[in-house]
Every structure is written in structure tokens, then in C-alpha cells.
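1. I'd like to go over a predicted model; first the sequence, then the structure.
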Protein chains: 2
Amino acid sequence: MNEHGSSSQPDAQSVGTVHTGVTVPQGFSAAACTAGIKPSGKPDMSLIVNNGPLSTAAAMFTRNRVVASPVKWTRAHNDGSFKAVVINAGNANACNGAQGDADAKTTAKKTAEVLGLNADDIAVCSTGLIGDVLPMDKVLAGVENLAPQLSEETSAGNAAAQAIMTTDLVQKEAVYRGEGWSIGAMGKGVGMMSPSLATMLVFLTTDANIDDSAQLQEALGAATSTTFDCLDVDGSTSTNDTVVLMASGASGVTPDLEEFASAIHQVCLDLAMQLQADAEGVTKRVSITVTGAADDLQAKDAARVVGRDNLFKCAMFGSDPNWGRVLAAVGMAPVEMDPEKINVSFNGQPVCVDSTGAPGARSVDLSGADVAVEIDLSVGQGRATVWTTDLSYSYVEINSEYST
Amino acid sequence: MNEHGSSSQPDAQSVGTVHTGVTVPQGFSAAACTAGIKPSGKPDMSLIVNNGPLSTAAAMFTRNRVVASPVKWTRAHNDGSFKAVVINAGNANACNGAQGDADAKTTAKKTAEVLGLNADDIAVCSTGLIGDVLPMDKVLAGVENLAPQLSEETSAGNAAAQAIMTTDLVQKEAVYRGEGWSIGAMGKGVGMMSPSLATMLVFLTTDANIDDSAQLQEALGAATSTTFDCLDVDGSTSTNDTVVLMASGASGVTPDLEEFASAIHQVCLDLAMQLQADAEGVTKRVSITVTGAADDLQAKDAARVVGRDNLFKCAMFGSDPNWGRVLAAVGMAPVEMDPEKINVSFNGQPVCVDSTGAPGARSVDLSGADVAVEIDLSVGQGRATVWTTDLSYSYVEINSEYST
């Protein structure tokens, strides 16, 4: 019934148009430019505009207490009616005090001015290094540059997805095609990625005819809780995480709410898997599924504790079926368990039964790029999956390079 | 008034006698042997015996819910009167089910038999790989081997300290000399080291005349909470952590309880610093002091969150004064803070004031082996220090090597 496309296909990296991204749904235009914020000279600003007729929106933000100035702005103006999002990469505008707050506001005002909107219609997002003041001359010139380039072409959305990349190696986009309506999305994020959305910016657009922002917020919240919120690269949580969903209503089609929610979930999951696959230093994509927990939330908490355990992650890097590290890690999870009845399997092969090693456990082949870990806590029916990566030399290399 | 010696001096590694360790206090004998448990063929079993006249004892254990069989045994028999500790390295006897429990008990019984004691007088400790059944023939032969070698010589304690090493590069011992009485100690631990004692075994002996085990337990609990419990190498917590303190009363001197508690703290701190300095892959010794917290416990929790943040640890490895990662990390701590008024200094130089970068912050020199991070949360008087290490290529290398 529906076609579920993804830019994680090989052609996602090509320069030409990929039929995915935020301008696939009707009623959205996008643009990208090189404002000069990234030292590399690559594109670093994007704009996504909802041309209506509706302007319904929803958003989710980082749970970090230390939040970047653009998050403060966007959170304060999140009343379900954002009409545009302006994004810069290369500078997080975080921990810049009152100057940072003023700069986020000035960016919103300038964007509103060039679009003929009000400042509180504008969501502002930034990603990059914490603690450097935004070069506002470049940002404001960038906003002026973006406006005349706005286009509903698919390629414009693709360009916007490219311009928000930081250490991302590939751009990340997704699409869902319903009957006469669609969802488009783009995202970025590679490290400082942990529950509480992962370090990432994600933008979803839809031409579905939904004028109740509470419905958007509910679908978005449900989708992020089982997708981005279950992605943990390094246990670190960013100051800038933001997900924005905008609906234009331009298709005139009002989808069944259940289908809509499921589609939003699919697109978020697609992007989450792209984020995992491009995580800093990743050599293994590891899924950790906890079953038999007291409830789904406890299952997620337990999976998280294992997913961020450095010894477990090093073992994964070494393709080492060292299941004892899984037991040691899950034993620290603040959830109900029967410590004598924990079962673990690697790629479907039991390695630990009733908290004791299974025959052949030390010779399970984990040399492939994907490892599925299942942990049964033997106390209930709760179940959840968390996706993580291994801890590799490259992760250390990328993250120990000097910040300036 | 007191002399506070430490085996972290250069001569600690020499083969000869070092005047530190568990046989410095009167009334204790020790022995070590090669039972053949370690594949390397190095010494792998130790025995420490309290020859009295008193046999007062205290112990602390891992907070992990998944605990090794020797921890189950020792915890169950921890009634303040252990007379001996038998230790093996090279095999954790963890996650071995009923067999593991039976093996720990058999080890205790055999040790009691050769010493003419009861099995419940014996603390049993193991360290090494999780999930392999103990080679009991070797363990029991080792126990028989140990008994006739027991000696009160200092060198016997030194040998015992050497035999409990796993990936430790140096043996770890400490001593405190009071007026006519003393404390001796030995420990091991390099990774899987996190609050909840760190992955480690620590044994303290004293000839102080203290016959109330509750007094020992109180002093030990207070000391571990601000030393081993503040050490976090990788956020992982072992199934085997154990600290045992035994008092022989052989000096006949009853020290002031406050001095005794302070001395126990000094010895624990000394060993904790040795553990930090020898942590797996360490290139930086990093102390994180949180001040201005609501209380000391919240300060410790906040320092811990920063101390286990991989991005922060990678920055330390790179000598990178990337203070934004400190802010991002501490913002996730579940403690009271004023997110707009956080101050950070590196080695005494302010890098962040009121959550905003300070002049010169990016050029602070962190090239030395020691980095002191101070974080002021600006809400109260709580204060605590957590010690951690950087996240280096070596850590990944050591911990990704195949377990079998």
C-alpha cells in the first residue's frame, strides 16, 4: 500500500537529485548556502519553509539542562505553528550567554523579515562546536542569501540536508509516501549521541492535512521515544538536539491518524538507522534488545546501560563474544531482574542461560558489521531495543582531535 | 606524628622487599603461589591470615546485582570475624551458576582445613575473566601450596600483592604507621572500574586493638565512599569488587577512633591513586572536583557524570581544553544546578564563567599527565572529587582483545 523509500540507498551520496527529503511533500521549499561558518568552506546554512495552506508544527528538544541559545528560542516559541526553520552548522551557539540568546533571536528576526513572517514563526537550530560566539555578519548574510534560493524542487531539500552536516560522512534523508500524501525528512548527527534524542537535528515535513498541532506532537513524541531516544552512540547528550515536524496540508488529504503516526515512526526509524550507520568511528551496528523486563521502560533502561558500557563496546569492536561483560553491565541497570536467570544471545545463538555460560559461547562469530544482542531478564513482559555502536580507535581519534 | 608511606614510590616494582603491604602490621602472615590459573604462568593465588589475638573484620562489596560466587560466599559470611582471605587471579568465578557457588564454598572449606579454622572464617575473592568454571584441581592444590609458605615477613605481603594482579602493570600496596600500631594494604584493579568500589580487590590489615567490628565497618565504609567509590575509569562495575579489612590487635595499642578512621581513609586514598595511575590505557590522571552543589552527594554524582563522559575523556586524551564538553556532560547530571551560572576551570585557570567561555579558554595547556577540572554549580556548598582517566587508543586496544 505504501512505499517506504530511504536515502540510505547507494545513490544517496550522488550529487544529483534523490527523490527523498523535506521538499518531497507539497507545500515546502528549502535552500542551502555557504555562509562561511564552517572552516572547511562547505555549505553551512539551510532554510526550510512551510508554504501552507496549513502551518501546524510540533517539536522535541534535548533533555540536557545546559541548552544552546537556539534551543531556548525555539522551545519558548513552540506553540504548534512554526512556519520555517533556519539552521546553521559549524557552530552550536551554546554556552555563549546573553550574546548567544540575542544572536538566536536576531537570526529568527532576520529570517522572518526576509520571509515576510513574524519572528515567533521561526524555529532556529545550530550544530557544531560549543562555546564560540556565532559570526553574526556571516549568519545574517547567509539568511539573505538563502531566501531567493528557496525552491520546492527535491534537489533543494537534498542540498539543505547536506548543509547541516558536521562530521557526518553522508547526508541523511527519508521519505514516506502515503495515498496522495507524504512525509519528508532530513537529519544530522554522529556523536554526542544518546537518549534524549541523540545529538542531532531532525526536520520532518508533511503535506498531510492535519491542523491540530497536538496530533502532530503526539505522533512525534511517540515516534522519537522508540527511535532517536533509543539510539546511544557514546552516552553523551548534546545541548542542541532538536526535532521539528511541520505540516502544510497542501495535499488536501487527511490520513488516518494511526497510519500517520505509524508513518512518522517509520521515517524516524529510518533516519535513526542512518544516524547509527554513520556514527563516529562505527565499525559495528549493535542492537540490544531486552526482553522479560518488568515493563517496556525498564527494558529500555536496561538496554541503555549495556549500550553505553565501554567494556562491552570495546568487545564488540574486537568481535569478541565476551558475554560476561553483558552480564556485568546489565547487573548495574536500575531495573528489576532475576540475577540468576539472565539469558543472553548473540545473533540468535544462546551464549548465557540462567546467568551461566552456554556451550560454544566463546566461539560465536561476531565478525560481521551487525550484531544483535538479546537479553532476557526473566521477570516480566517488557521489551525494548536500543541501538548502539562499538568503541573503536576511530571514535577516540575523531573525538580527541583538538577543538580549535 | 605519623609516617605515611606508599609503594607508589619507584622502588615498588623492585623484586626485593618493600616496607609496605599487608604483613607490615603485627599478627598477619601472607603467602603467594603459582597455581596455574593464569595462562601466563605467573603467580595467581594469595593467602592472608590474621594470627590474632583478635579477629575483627569488616568488608564492602560491589553494588552490581550480578555478583560472582566468591562475593556471594564472602557477603553471606561477613559477620565481622574473618580470620583469613584466599584470593585467586585469572578467573573471576562469576556467572558459573551453582557450580561456581559450590567452588567458592569448596575453596573456603579447603582453606579452613589447612589453617585449622572454620569455613565461615574464610573470605574468598576471585578476579579475572567472567564465565569460565574455576579449575578446582589447581585451586585446591594452590591452597595446599600456600599454607606452608605463610610468613610474617614483609616480602610475603609483597608477593601476595603481586599474585593478585591481572592486567595491572604494577603491584599496589600501602602502609600507615601510627604510634605503635599500623595499617597495611594491597589492592588490584585496572578496568571495569567505576563507583561501587571500582573493579578491584583491596585487603587491609591492622594490628590496632579494635575488637568491635562495627567500628571497623564504619571506618571502612566512610573511607571507601570518598576514595574507591570516587574512582571511575570506564563507568563499568565489576561483579567481583571486594574490600576486606582485618584487625589482629597484635600491637596492643588502641588508637583514637578518629585517627584510626583518618588513617584508613589515607591508606584507601593512597591505593585509589595507585589504581588510577595504573588504569587501562591511561595517559592522563584527571580529577574532577564539583563545588557549589546542593550537597556533597550531588557533587559526587555530578562529578561522576562528567568523569564517565566519553567525549570529555577523548578530549582529555587529546589534551584539548574543550570545556563545552564539560558543560554538555554536567548538564545531564541528575542534580540541582543553575545552568546559566556554571563555572569551570582547568588546572586552576578559568575556562568558563557563568556558562560562557572565558578569555584564553581554548589555549590552556593540558599537555601534562595530570589535569584538574573544577566545576562550580553555583547552588550550594556541596563538594566532591571523582578521579578518572582519559579514553585512549590503548584502552580500546586492551579491551577489544579477544577474551579467549
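-> In hand now; what should we look at? Numbers count the residues shown, from 1 in each chain, chains lettered A, B, ... in the order given.
2. mind giving me the domain split of chain A?
-> A:10-277, A:285-400 (automatic domain parsing).
3. in the stretch 51-200 of chain A, what residue is nearest chain B?
-> residue A:130 (2.6 Å; CB to the nearest CB). All C-beta atoms are positioned from the backbone trio N, CA, C, and that covers glycine.
4. Mind telling me what element the residue lying closest to that residue once chain neighbours are set aside is part of?
-> Leaving out its chain neighbours, the residue that sits closest to residue A:130 by CB to CB, 6 or more residues apart in numbering or on different chains is residue B:324, at 2.6 Å. Residue B:324 belongs to helix B:323-330 when assigned by DSSP states H and E.
5. cool, and residue A:111?
-> Going by DSSP H and E, residue A:111 is in helix A:97-115.
6. Any residue of that helix touching chain B?
-> Yes - using CB under 8 Å from any CB of the partner chain, helix A:97-115 reaches chain B at A:97, A:99, A:100.
7. out of the residues you listed, which is most surrounded?
-> residue A:100 (26 neighbours; other CB atoms under 10 Å in any protein chain shown).
8. Model confidence for that one, exactly?
-> Looking at residue A:100, its pLDDT stands at 95.
9. ditto for the one 3 residues further on
-> Turning to residue A:103, the model gives it a pLDDT of 98.
10. Isn't it up against residue A:96?
-> Yes - using CB atoms under 8 Å, residue A:103 is in contact with residue A:96, at 7.1 Å.
11. what sits in contact with each of these two?
-> Counting by CB atoms under 8 Å, 6 or more residues apart in numbering or on different chains, the shared contacts of residue A:103 and residue A:96 are A:69, A:133, A:134.
12. and chain B, which of those reach it?
-> Okay, of the shared contacts of residue A:103 and residue A:96, nothing touches chain B (CB under 8 Å from any CB).
13. Tell me how many other residues crowd the residue nearest to residue A:308 when sequence neighbours are not counted.
-> Counting by CB to CB, 6+ apart, residue A:235 is the residue found nearest to residue A:308 once chain neighbours are left out, at 3.8 Å. Applying other CB under 10 Å, we find 25 residues neighbouring residue A:235.
14. Is it correct that residue A:235 falls within a strand?
-> No - assessed with DSSP: H, G, I helix; E, B strand; the rest coil, residue A:235 is coil; it does not lie in a strand.
15. how close does it get to residue A:100?
-> 25 Å (CB to CB, to the nearest Å).
16. Quick one: residues contacting the closest residue to chain B within the stretch 251-400 of chain A.
-> Of all residues in the stretch 251-400 of chain A, residue A:324 sits closest to chain B, at 2.6 Å by CB to the nearest CB. Taking CB under 8 Å, 6+ apart, we find residue A:324 in contact with B:92, B:94, B:95, B:129, B:130, B:131, B:239, B:403.
17. for the stretch 301-404 of chain A, what spans make up the helices?
-> Taking DSSP state H, counting those that start in this stretch as the criterion, the stretch 301-404 of chain A contains helices spanning A:310-317, A:323-330, A:393-400.
18. Could I get the buried residue list for the second one?
-> Think helix A:323-330. A:323, A:324, A:325, A:326, A:327, A:328, A:329, A:330 (16 or more other CB atoms under 10 Å in any protein chain shown).
19. Now tabulate those residues in CSV and tack on pLDDT.
-> Shown next, in CSV, are those (pLDDT from 0 to 100):
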residue, pLDDT
A:323, 92
A:324, 88
A:325, 88
A:326, 93
A:327, 90
A:328, 85
A:329, 88
A:330, 92
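20. buried ones in stretch A:168-179?
-> Buried, per 16+ other CB under 10 Å, within stretch A:168-179: A:168, A:170, A:171, A:172, A:173, A:174, A:175, A:176, A:177, A:178.
21. which secondary structure elements does the helix or strand encompassing the fifth one contact?
-> The reference is to residue A:173. Taking DSSP H and E as the definition, residue A:173 sits inside strand A:172-177. Contacts defined by 3 or more CB pairs under 8 Å, 6 or more residues apart in numbering or on different chains; DSSP states H and E place strand A:172-177 against helix A:154-163, strand A:182-188, helix A:257-277.
22. What is the subsequent helix or strand relative to the last one?
-> Same thing as helix A:257-277. As the chain continues past helix A:257-277, the following element, by DSSP H and E, is strand A:285-293.
23. do the same with the shortest one
-> Moving toward the C-terminus from strand A:182-188, the next helix or strand (DSSP H and E) is strand A:201-206.
24. Can you point out the buried residues in that next one?
-> A:201, A:202, A:203, A:204, A:205, A:206.
25. what do you get for stretch A:121-136?
-> Under the neighbour-count criterion of 16+ other CB under 10 Å, stretch A:121-136 has A:121-132, A:134-136 buried.
26. likewise stretch A:150-158?
-> Quick answer for stretch A:150-158 (16+ other CB under 10 Å): A:150, A:152, A:154, A:155, A:156, A:157, A:158.
27. For that stretch, give the distance from the opening residue to the closing one.
-> This stretch, stretch A:150-158, spans 12 Å end to end (CA to CA, to the nearest Å).
28. who touches it?
-> A:16-24, A:26, A:28-32, A:47-49, A:51, A:149, A:171, A:173, A:184, A:186.
29. Repeat that for stretch A:330-339.
-> So stretch A:330-339 is in contact with A:290, A:293-294, A:298-299, A:301-302, A:304-306, A:342, A:355, A:375, A:377-380, B:63-67, B:196, B:236-237, B:239, going by CB under 8 Å, 6+ apart.
30. Now list the buried members of the residues you listed.
-> In these, burial by neighbour count holds for A:290, A:293-294, A:298-299, A:301-302, A:304-306, A:342, A:355, A:375, A:377-380, B:64-67, B:196, B:236-237, B:239, counting by 16+ other CB under 10 Å.
31. what about stretch A:47-59, start to end distance?
-> Stretch A:47-59 end-to-end distance (CA to CA) = 16 Å.
32. What residues of it count as buried?
-> A:47, A:48, A:49, A:50, A:54, A:55, A:56, A:57, A:58, A:59.
33. Wait, a helix at the first one?
-> This points to residue A:47. No - under three-state DSSP, residue A:47 falls outside any helix and is assigned strand.
34. Which residues are in contact with it?
-> A:30-32, A:84-87, A:111, A:143, A:146-147, A:150, A:160.
35. try it again with 6 Å
-> A:31, A:86, A:146 (CB atoms under 6 Å, 6 or more residues apart in numbering or on different chains).
36. Secondary structure class of the last one, three-state.
-> Using three-state DSSP as the criterion, the local structure at residue A:146 reads helix.
37. Is it in contact with residue A:31, as I believe?
-> Yes - Residue A:146 is in contact with residue A:31 according to CB atoms under 6 Å; the separation is 4.5 Å.
38. quick one on the thing from earlier: just the ones in strands from the buried residues of stretch A:121-136, please.
-> In this view, the buried residues of stretch A:121-136 that belong to strands under DSSP state E are A:122, A:123, A:124, A:125, A:126, A:127.
39. Generate a markdown table for those residues, with pLDDT as supplementary columns.
-> Supplementary listing: those in a markdown table, determined by pLDDT from 0 to 100:
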| residue | pLDDT |
| --- | --- |
| A:122 | 97 |
| A:123 | 95 |
| A:124 | 96 |
| A:125 | 94 |
| A:126 | 93 |
| A:127 | 90 |
